[in-house]
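Engineer: Based on what follows, work out the 3D shape:
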Amino acid sequence: MATFSMAKAHILRLAPETACVLIGQPGIGKTDFVFDLAKTLGLELVKLRCAEAGETGDLTGLLREVNGVHSHTIPDWLSHNKPVLLFLDEINRAKKDTINAIMQLCTKEQEFLGHRLAPGSRVICAMNPSSIASNDVDELNRALYSRMSRIHIDVSKSDWLAWATTHGIHPDIISYIDQATDEHLFKMDDVDLFEDENTVNPRAWENFSKMYTNGIRLGDYKQNPTLIQSDAASHLGPNEALSFFSWLCTKRMFNPQNFLLETNTAKAIAAASRVSKMLDVYQTELCRNVTKTMITLLSNPAMEKEKSTIITNLYYLYDRLSVEHVADAYENYIKPAVLQNDKPDWFTKLAHTNEDTWSKIKTIIQGTGKPVVSVKKSKQTKKK
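Structural biologist: Numbering: from 1, shown residues only. Next comes the predicted model:
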C-alpha cells in the first residue's frame, strides 16, 4: 500500500509513456491527487469518466466514410496538439467494449484508432477495488493490468493534512483531524443499507468543510449551533458528526476561560444563551469545563481583580442551565474543592458576590437531596 506522496514519487519515476492505475477506496482523494499531479507535471488535464461512456462512440468518435474509406472522427478529448495528462476514472465501471477500445492508450505508443497522444503525454487510470460493492463493476483482465503500473493507495493522515492546508479546508476541521485517530479521517461502514451509513472519508470532509464555512458565513450556526451536528451527519454519518460536534463544543466553539473573563456583559450573556440551546450532553460537558476553569481562576491570586467578572459570568451560565447540570458541577467540582481546601476565600466570594443567585443555586442543589456546604457569613466592616 502506498500513500499519495509515495504514489507521486512512483509516477515521477515512470517513463511518461507507461500508464498506471490508482486502486483505492472511494472518497479518499484519487481524483484530487491526479488534478494536483497534472499541475506538478505542467500538463493539461483531460478527464474521462468511463462509467458515463454509454457507447463506445462516446470515446472513439463517430464512424465516417470518406471516398469509400471508413475512419473515426477525432473525439474532443483527443483533439490536443500538446502533451496532456489523460485521466481515465472508474475504469472498471466501463463497458467491456469500451475497455477494449481504450486499451490501446495503455501502450507505449499511446495510440488510439489511428490517433496518437502528443509526445510527453501520460495516461493515468483510477478505480475502486473490485471488492467494493458497486453497480456495474467488472474485474479488469490481465492483459490490461499487464500494460500498467499498479499502485494501491492507502489513506495517510499526514498527507491529507498537508493537502488540506492548501485547499481551503476549514481550520476547525484540520485541527480536529490533526488531534484525532486515523479512523476519523477514513472509516466506511460495511453495511447493506447505504442511506444512513457512516461515510467518513476525505471527500466527505471536503464537502462538509464547504458547508461548514457557508454556515459560519451566513450566521446560521450562531443562531442554532446544533445545526453543525446535523450538517456534519449529512456528509459523514451520525457517529462522526457527534464526535466532531462534541470536540467543537468543548475545544473550539466555547472557550471556558474566555467566557469567564469576558468583560462585555452582552457577549457573556449571548455565549451563555448559546450553550443553553445545545443538546444536554454538550451542556453537561461545558458546564463542567466552565466550573473547573472557574475554580482554577479564582484560586489564582493574580486574578483578584477579575474575580467579580468571573463569578458574574458563571451565574449567567448557571441561570440558563437545568437543575441537573448545576447540581452535577457543584457535586463533582465545587464541593470537593471547598472541602479539600477548608472553604477557600474564593468560595466565600462566590456565595456573597450575588447572594440572591447563590440562594437560588442552593435551592436547586438541595432539591436534589444532597447537602450544601455552608458559607461563612460576610463580614461587616466596622465603622471607626
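Engineer: and the helix or strand residue 87 falls within, which strands flank it?
Structural biologist: Taking DSSP states H and E as the definition, residue 87 sits inside strand 84-89. Note on strand 84-89: by DSSP bridges, its sheet partners are strand 44-49 (parallel), strand 122-127 (parallel).
Engineer: got a list of contacts for it?
Structural biologist: 30-31, 34, 37-38, 41, 43-51, 77, 102, 105, 117-118, 121-126 (Cβ atoms under 8 Å, 6 or more residues apart in numbering). Backbone N, C-alpha and C define where each C-beta goes, glycine included.
Engineer: distance between it and the chain's centre?
Structural biologist: When distances are taken as Cα atoms, centre = their mean, to the nearest Å, strand 84-89 is centred 28 Å away from the chain's centroid.
Engineer: Can you show me the CA trace of whichever helix or strand comes after that strand as CSV?
Structural biologist: Using DSSP H and E, the helix or strand that follows strand 84-89 in sequence is helix 96-102. Output in CSV follows, covering the C-alpha atoms of helix 96-102 (Å, rounded to 0.1, in the frame of the first residue of the first chain):
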residue,chain,number,x,y,z
LYS,A,96,-16.2,-4.2,-21.8
ASP,A,97,-16.3,-2.9,-25.4
THR,A,98,-15.2,0.5,-24.2
ILE,A,99,-12.3,-1.0,-22.2
ASN,A,100,-11.2,-2.9,-25.2
ALA,A,101,-11.3,0.3,-27.2
ILE,A,102,-9.1,2.3,-24.8
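Engineer: Spell out the secondary structure type for residue 246.
Structural biologist: Classification of residue 246 using DSSP: H, G, I helix; E, B strand; the rest coil returns helix.
Engineer: Would you mind confirming that it is in contact with residue 285?
Structural biologist: Yes. Residue 246 is within contact range of residue 285, at 7.3 Å (criterion: Cβ atoms under 8 Å).
Engineer: which ones are touching the residue nearest to residue 245 when sequence neighbours are not counted?
Structural biologist: Nearest residue to residue 245 in three dimensions, chain neighbours excluded: residue 229, at 4.0 Å (Cβ to Cβ, 6 or more residues apart in numbering). Counting by Cβ under 8 Å, 6+ apart, residue 229 touches 241, 242, 244, 245, 279.
Engineer: Show me just the buried residues among the contacts of strand 84-89.
Structural biologist: Buried members of the contacts of strand 84-89, scored by 16 or more other Cβ atoms under 10 Å, are 30-31, 34, 37-38, 41, 43, 45-46, 48, 50-51, 102, 105, 117, 121-126.
Engineer: which among the contacts of residue 229 end up buried?
Structural biologist: 241, 242, 244, 245.
Engineer: from these, which is closest to residue 305?
Structural biologist: residue 245 (35.4 Å; Cβ to Cβ).
Engineer: confidence score at that closest one?
Structural biologist: At residue 245, the pLDDT value in this model is 88.
Engineer: What separation do you get for it and residue 236?
Structural biologist: 11 Å (Cβ to Cβ, to the nearest Å).
Engineer: Check residue 348 too.
Structural biologist: 48 Å.
Engineer: now swap in residue 3 and tell me
Structural biologist: 22 Å.
Engineer: So between these two, which is more surrounded?
Structural biologist: Per other Cβ atoms under 10 Å, whichever of residue 3 and residue 236 has more neighbours is residue 236, with 23 against 16.
Engineer: Wait, that one touches residue 207, no?
Structural biologist: No. Judged on Cβ under 8 Å, residue 236 makes no contact with residue 207 at a distance of 9.2 Å.
Engineer: List the buried residues for stretch 209-219?
Structural biologist: Result for stretch 209-219 [16+ other Cβ under 10 Å]: buried residues 209, 212, 215.
Engineer: Now do the contacts for the first one.
Structural biologist: Read that as residue 209. 168, 169, 170, 173.
Engineer: Correct me if wrong: the last one contacts residue 164.
Structural biologist: The one in question is residue 173. Yes. Here residue 173 reaches residue 164: they are 7.4 Å apart, a contact under Cβ under 8 Å.
Engineer: and of the strands paired with strand 84-89, who's closest to residue 256?
Structural biologist: strand 122-127 (46.1 Å).
Engineer: How far off centre is whichever helix or strand comes after that closest one?
Structural biologist: Using DSSP H and E, the helix or strand that follows strand 122-127 in sequence is helix 142-145. Relative to its parent chain, helix 142-145 has a centroid offset of 37 Å by Cα atoms, centre = their mean.
Engineer: Following the chain past helix 142-145, name the next helix or strand.
Structural biologist: Downstream of helix 142-145 (by DSSP H and E), the next one is strand 148-152.
Engineer: For the helix or strand following that next one, buried residues please.
Structural biologist: Going down the chain from strand 148-152, the next helix or strand is helix 157-164, by DSSP H and E. By neighbour count on 16+ other Cβ under 10 Å, the buried set for helix 157-164 is 157, 159, 160, 163, 164.
Engineer: Equivalent analysis for stretch 105-120, please.
Structural biologist: Result for stretch 105-120 [16+ other Cβ under 10 Å]: buried residues 105, 106, 110, 112, 113, 115, 117.
Engineer: ditto for stretch 315-328
Structural biologist: Quick answer for stretch 315-328 (16+ other Cβ under 10 Å): 315, 316, 317, 318, 320, 321, 325, 326, 327, 328.
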